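**Q** coords below, sequence missing:
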């Protein structure tokens, strides 16, 4: 199974969640060479950003950020590649501020968040990571201060509402547990709706791929009941709309039938019977309101009516 479907899902998912908080770019190109950052985020001023609760992910979004999500455990070379992108961004920012004769501070530099389902102790030791459980809890491993990088191990995050939006990007049992919690959120939760729609889009993409592994099949099976429920809801909504449209059409047809009866009766009273010529003017008379056609039928002669409406 290639990384692409999950990579695209993660980009779309993070963009939908973070967009209310600031400017989000996906697949941002780095000028040093042909490289792309999965998600580049710049927070909006507090007064302009929407108030949404993203828990730990929202805490990451309190400052400029590069986000690199991995479906499978990030390797040493992949982590190095992410750090290279971060340094390229640092260089870009320095060039931009140099022309303006401004000096960018450390706090203004973006931080790199690498989302990995798991990470071995040897990798964590090799990058000399450390925890700050008091401020960030477990699962968030920081590199040296000046590297401005953290490896977020999704499967080590506690199963709390605070970490839900991150655990959706996990895999296997961790992701399925997060999907259970997502389903349990109130139906009117906008983030719930967006996340489910994106997960169902991922399900469709996976089903089109012929070479899927057991984890992909398990995810498809987990999402299938949600898909069926959404389908049933859409059908019910369609039925309700159809009934409403039918009622409206029925009312209009009833009004038209009533008007036709009134017009035919007035014509019979005035002229004794309805010949073929008089029947031809009924349709144009129906386009008028009763206030408009009643005085015409009572006042005009048959010849005048025929001339006017033929």
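**A** Received the coordinates, thanks. Please read all numbers here as calculations on a predicted model, not as lab measurements. Numbers count the residues shown, from 1 in each chain.

**Q** tell me the pLDDT at residue 41?
**A** pLDDT, residue 41: 90.

**Q** quick check, it in a strand?
**A** Yes. Under DSSP: H, G, I helix; E, B strand; the rest coil, residue 41 sits within a strand.

**Q** partners of it in the sheet?
**A** Beta-bridge partners for residue 41, by DSSP bridges, are residue 24, residue 65.

**Q** who are the contact partners of it?
**A** For residue 41, the contact set (C-beta atoms under 8 Å, 6 or more residues apart in numbering) comprises 14, 18, 21-25, 61, 64-67, 110. Any C-beta I mention is one placed from the backbone N, CA and C, and that applies to glycine too.

**Q** neighbour-wise, which one of those residues leads?
**A** Ranked by the number of neighbours (other C-beta atoms under 10 Å), those place residue 67 first, at 28 neighbours.

**Q** now that one: how far from residue 11?
**A** 9 Å (C-beta to C-beta, to the nearest Å).

**Q** got the buried residues for the helix or strand hosting residue 164?
**A** Here residue 164, judged by DSSP states H and E, is contained in helix 164-167. Counting neighbours by 16 or more other C-beta atoms under 10 Å, one finds that the buried residues in helix 164-167 are 164-167.

**Q** for stretch 284-296, same thing?
**A** Neighbour-count burial for stretch 284-296 [16+ other C-beta under 10 Å]: 285, 293.

**Q** any idea how far it is from the middle of the chain?
**A** Stretch 284-296 sits 50 Å away from the centroid of its parent chain (C-alpha atoms, centre = their mean, to the nearest Å).

**Q** pretty sure residue 185 sits against residue 192.
**A** Yes. The pair residue 185 / residue 192 is scored as a contact, 4.3 Å apart, by C-beta atoms under 8 Å.

**Q** returning to that earlier point: which residues are in contact with both of residue 67 and residue 11?
**A** Shared contacts of residue 67 and residue 11, defined by C-beta under 8 Å, 6+ apart, comprise 38-39.
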